[in-house]
Structure formats: structure tokens, C-alpha cells
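Enquirer: pasting the sequence and the predicted model now:
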Amino acid sequence: MEKLYCIEEQKRLSESFLWELQREYFHQKGIDAWGQEVPFFITSNPVITAKYANITLDFMLDWTNNHPESKQHCFYILELGTGSGMFSYYTLKTLTHLINQLQRDDMRFCYVMSDFTNNNVKYWQQHPSLKQFIENGTLDFATYNLEHDKDIKLINAGTVLDKTSIHNPLIVYANYIFDTVSHDSFTIKNNELYESVVTLRTNKNNMKRKRPKISSEIKIQYDERPIDPNHYYEDPFINKILNHYAEELNDTHFLIPTASLRSIKNLSEITQNKMFMITSDKAKSFLSEMKYINRPNLAFHGSFSFTVNYDAIARYFQHLGGDEHRPALREGLKTCIFSLGAPLKTLHQTQRSIQREIDGFMPSEYFAYHQFMKNNKNLLDAHTLSTYLKLSNHDPYVFHHIAPRINEIINDAYTSTKQYIIDMIPVIVDNFYFIPTSHDTYFDVGLFYHTLEKYDKAITFYNLSKKHFGEQFNVYYNLALCHFYLDNRPHSLKLFKRSLDFQSDNNSAREWTAYVENLINSET
């Protein structure tokens with residue numbers, strides 16, 4: 001058996017080389033990470049963003065009702081580890097719409113998209129879907145590494161978010177970010193607490209310039225070393241959490257989300273303990289979930305992630321004098337609320353909103369429903385599919401998955417159902433947020449109109465597909481068909497011939513080309 005190459009040996013997990021590899025991956029891939037490998041739909045869809053927007057607005061209303069002078073100042077909304085920007089776009093749209101509905105011009109906010117790599121920031125700055133929010137001043141950006149940075153400087157305004165500039169509580173969103181930043185690992189056995197240090201190994205052929213080429217081929221070995229929980233961290237609050245776990249747990253393994261706790265401490269300091277956080281992640285939310293569990297699982301998906309310990313984060317907020325809301329135990333994504341400077345019992349609208357948006361129909365429950373509907377779409381009728389599309393808040397990603405089934409049955413659907421779906425199409429298009437290698441909503445919509453024989457509209461969207469996703473056989477072939485049925489035969493012939501440049505051996509395109517040529521020749 002080939003001997004494995006040792007990358008590092010017996011390192012504290014939070015100091016492991018793994019985290020450098022993580023940052024390198026996101027920096028090098030940039031926005032392409034979300035178009036190819038990193039999962040993000042569960043926290044970047046119009047359903048979960050509507051929940052965040054509703055809770056956020058109710059919090060802002062509660063705060064201004066309790067503190068009327070706060071209307072003079074802007075609410076800053078900081079999104080940590082923004083990533084693709086899709087979550088930001090949907091949230092900004094919904095929050096703006098809700099405030100306009102209430103005609104609350106005094107409810108001012110500035111949404112701050114942040115990430116540690118400037119590659120992502122540059123992409124957001126140029127994104128056409130975000131342009132309107134940049135121009136009206138409700139959107140700004142920051143290059144911010146939550147693991148290490150203290151200062152948060154807004155790129156457009158030039159403002160540094162600190163004690164002098166933040167007057168209202170800082171609203172923080174943290175979605176699928178705490179699972180991808182550094183943790184420490186611990187083991188409790190025989191009523192003794194140990195740190196679990198890591199050794200990383202991989203095959204020699206996976207190494208290049210002392211770096212693994214494929215992170216998923218790294219093998220992790222854990223070894224235990226006894227520790228004193230009273231003096232393990234410089235932060236005494238985290239040591240208290242360790243002590244509590246040592247007293248309450250046995251024969252188990254758990255993580256401490258070190259980077260997340262450092263970030264929370266920093267944000268609490270610059271806001272003078274005024275913060276309202278909504279966070280969703282794969283996580284353990286309660287101490288009861290941490291009993292008798294295996295070593296932490298490292299999930300690879302281009303990047304990698306651990307399961308977040310929300311119980312530790314909740315206890316840290318409690319140590320800081322804050323409040324928290326964790327939903328009932330359920331499988332899947334967890335969404336939690338943490339508050340500093342505003343006990344939840346004083347926020348009546350916010351509490352109702354949390355009960356409705358988080359406890360009522362959880363984001364994880366919507367995702368489970370979405371998975372079922374996506375996997376069983378071919379069994380559903382047009383009315384059920386239209387209801388699913390409406391429940392998704394007109395999600396282009398959902399439309400992409402069910403469009404083939406809709407096109408298959410739409411012409412046999414009831415007129416009212418057909419019109420209901422047609423009326424939703426402009427909203428779906430408006431919700432489309434482009435990222436490289438994403439699904440092509442323009443082609444999906446073009447094909448839908450094509451199926452309905454609305455050829456002029458189909459042509460519009462096929463051309464948008466060509467503009468944004470490049471020239472392809474299917475686009476030219478379908479454009480040719482639409483122009484043919486609109487009696488534009490010379491242009492149709494030109495497009496059929498162009499389609500053959502991409503698939504010269506395609507029999508349908510060759511037959512159509514010959515057929516249209518014969519028609520044109522017979523007419524002259």
C-alpha cells in the first residue's frame with residue numbers, strides 16, 4: 001500500500017491548513033464557485049428571503065416604535081459571506097417592496113454585501129440586477145473577512161461601520177457561512193474533555209508544490225489531547241461554554257465555532273451591544289442534539305463545511321446579555337434569531353413575525369417540499385404545478401425544473417390555469433439573477449411561449465438567451481422555427497443554416513433547411 005503524504009500533523013483544527021485551502025478555493029473560483037459546485041439554493045431562494053425581509057421590517061418597526069429618535073438614522077444590514085449575491089437581490093427587492101407598501105419613507109436602510117475576497121465584490125458592483133439599489137443608495141459593499149477583520153469599510157460611502165456611525169442596531173444575516181469558517185474540535189470520554197487535533201494526509205500524486213490539488217482527497221485523522229477548559233481560550237465566555245459541555249455531556253464529539261464567535265464579539269463591540277442577527281445553516285441547535293454523536297463530518301462540495309454548533313452561539317449571546325430564539329427540533333436547515341440590546345419580549349411585531357416565518361413554515365420545510373415536488377413533477381397536473389410556482393414566490397430556479405412538464409401539458413390545461421401561469425412569467429423573469437453557468441431562464445421562458453405558439457414573445461427571450469448565455473444550436477434552431485411560423489422564411493433559412501454551424505450532423509436541422517430552401521425556390 002502506498003504511503004500517504006503528511007500535509008500537517010496534530011494541529012488544532014482552527015489553525016489547520018484546511019482553512020487556507022478554503023480561502024484559496026473561494027478566492028480563485030470567485031463567483032464561479034456558486035455556478036458549479038457550492039450548494040446555495042436552500043438559502044438563496046425567494047421564499048427564505050421573504051421570511052428574512054418580513055422579520056427584518058418588523059424588527060425595524062418595533063425598534064423605531066420603542067425608540068422614536070432612531071428614525072433619524074439609517075439601519076445597516078450586514079450580510080456576512082454574501083457569495084453569489086442572489087440572496088441579497090431577493091431580500092433587497094422584497095424589503096423595498098414592503099416598505100413602499102407601508103409608505104414609510106422614514107424607514108431608511110443600507111444593505112451591505114460583504115465577503116473576504118474582492119473578486120466577488122467586483123462582480124456584485126457590476127451586476128445589472130443590483131444597479132437600481134446602488135443608484136438609490138440602499139446598497140453598499142465591503143471587503144470583510146469575518147475571521148480576522150475588525151473594521152468594516154463601505155466601498156461606495158467610504159464610511160467605516162463603528163460606534164460613531166452605527167446608531168440603530170446592526171442587522172446581520174449569516175447564511176451558509178458559519179459552517180465554512182474555522183472551528184475547534186473536542187471529545188468527551190470517560191467524563192474527561194479533550195481537544196481533537198487533526199493530521200492531514202493525502203496520496204503523493206495529489207500534491208503539487210506542497211499543496212493538495214483536490215481537497216476532497218484529503219484524509220483527516222483525529223487525535224485526543226487532554227485540556228484544561230478553564231484556560232483553553234483567551235475569551236472566558238467560550239471557556240464557560242466548554243466547562244458547561246464538560247459537565248453535561250459524555251462519550252461524544254462536538255465543535256466550537258471559533259471564527260463565528262470571534263466575529264460576533266467584534267460586531268458586538270463596534271455596535272455597543274446593539275445587534276439583531278438572523279442566521280441559517282446546517283447545525284445542531286440544542287445541547288440534546290450533541291449527545292453521543294460521532295466525530296465531526298467534513299462535507300466536500302468544491303469547498304468544504306462542518307455542522308455549526310448553534311447551541312454555543314446561543315450561549316455566547318446569552319453571556320453577552322443577549323436574547324435568542326431557536327426553533328423546535330427538525331431535520332435539515334436551522335434558522336435562528338439572536339439579539340443584543342433588544343430582548344425579544346419587547347419586540348412584539350418581531351415575535352409574531354418569527355412565529356409565522358420561522359416556527360410556522362420553516363425554510364427547511366419549504367426545502368423538503370421543494371425536493372419532493374421537483375422529484376415528482378412528472379406526476380403533477382398544470383394546476384398543481386402553477387400552485388407550486390406561486391408558493392415558490394415565482395422562483396426562476398423552480399420554473400427551470402418544472403418547465404419541461406409544464407410545456408408538455410400546458411396546451412391541454414384549463415384556460416384559467418394557463419392564463420395564471422402566463423401572468424406569472426414576467427415576475428419570474430424579473431426574479432432572474434444571472435450568475436455564470438446558471439440555468440438559462442431566458443431560454444426556459446422562450447420555450448414556454450414557443451409551446452403556446454406565441455412566437456414573437458418566444459423570439460424575444462431566445463435572443464436574450466443568446467445575448468447572456470452565448471450562441472448555441474438550440475437557440476438558433478428554435479429561433480428558426482419561430483420565424484418560419486411567422487412566415488419569415490428567408491430569415492428562418494438563415495437561422496437554420498446557422499444552427500448547423502453548431503451541429504452539422506443534426507438531421508432535423510438539415511431536413512428543415514432543405515424544406516425551407518425548396519419552399520423559397522418554389523415561390524420564386
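Expert: Perfect, I can see it now.
Enquirer: contacts for the helix or strand containing L95, please.
Expert: For L95, the element it lies in under DSSP states H and E is helix 86-102. For helix 86-102, contacts defined as Cβ atoms under 8 Å, 6 or more residues apart in numbering pick out 34, 40, 43-46, 48-50, 52-54, 56-57, 79, 82, 107, 109, 111, 113, 124, 129-130, 133, 138-139, 173, 175, 431, 433, 435. In short, each C-beta sits where N, CA and C put it, glycine included.
Enquirer: keeping just the C-alphas, turn stretch 173-193 into PDB.
Expert: Presented in PDB, the C-alpha positions along stretch 173-193 are these (Å, rounded to 0.1, in the frame of the first residue of the first chain):
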ATOM      1  CA  TYR A 173     -27.500  38.000   8.100                       C
ATOM      2  CA  ALA A 174     -25.300  34.900   8.200                       C
ATOM      3  CA  ASN A 175     -26.400  32.200   5.800                       C
ATOM      4  CA  TYR A 176     -24.300  29.100   5.000                       C
ATOM      5  CA  ILE A 177     -21.200  31.000   6.200                       C
ATOM      6  CA  PHE A 178     -20.600  29.800   9.800                       C
ATOM      7  CA  ASP A 179     -20.200  26.300   8.500                       C
ATOM      8  CA  THR A 180     -17.300  27.200   6.200                       C
ATOM      9  CA  VAL A 181     -15.100  29.200   8.700                       C
ATOM     10  CA  SER A 182     -12.800  27.900  11.300                       C
ATOM     11  CA  HIS A 183     -13.900  25.600  14.200                       C
ATOM     12  CA  ASP A 184     -12.200  23.700  17.000                       C
ATOM     13  CA  SER A 185     -13.000  20.100  17.700                       C
ATOM     14  CA  PHE A 186     -13.400  18.400  21.100                       C
ATOM     15  CA  THR A 187     -14.100  15.000  22.500                       C
ATOM     16  CA  ILE A 188     -15.600  13.900  25.900                       C
ATOM     17  CA  LYS A 189     -15.000  10.400  27.000                       C
ATOM     18  CA  ASN A 190     -14.900   8.900  30.500                       C
ATOM     19  CA  ASN A 191     -16.000  12.300  31.800                       C
ATOM     20  CA  GLU A 192     -12.800  13.900  30.500                       C
ATOM     21  CA  LEU A 193     -12.500  16.700  28.000                       C
END
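Enquirer: quick revisit: show me what the next helix or strand after the helix holding L95 is packed against.
Expert: Using DSSP H and E, the helix or strand that follows helix 86-102 towards the C-terminus is strand 109-115. In terms of contacts (3 or more Cβ pairs under 8 Å, 6 or more residues apart in numbering; DSSP states H and E), strand 109-115 is packed against strand 75-80, helix 86-102, helix 118-125, strand 139-143.
Enquirer: got those as a markdown table, with distance to E24 columns?
Expert: As requested, the helices and strands packed on strand 109-115 are exported to a markdown table (distance: least, Cβ to Cβ, whole Å):
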| stretch | distance to E24 |
| --- | --- |
| strand 75-80 | 19 |
| helix 86-102 | 23 |
| helix 118-125 | 12 |
| strand 139-143 | 16 |
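Enquirer: deepest in the core, which of these is it.
Expert: Among the helices and strands packed on strand 109-115, the stretch with the highest mean neighbour count (mean count of other Cβ atoms under 10 Å) is strand 75-80, at a mean of 24.
Enquirer: show me what it is in contact with.
Expert: For strand 75-80, contacts defined as Cβ under 8 Å, 6+ apart pick out 56, 60, 63, 87-88, 107-114, 142, 144, 146, 152, 161, 166, 168-175, 177, 263, 267.
Enquirer: what's the angle between it and helix 86-102?
Expert: Using axes from the mean of the first three to the mean of the last three Cα atoms, to 10 degrees, the direction of strand 75-80 lies 160 degrees away from that of helix 86-102.
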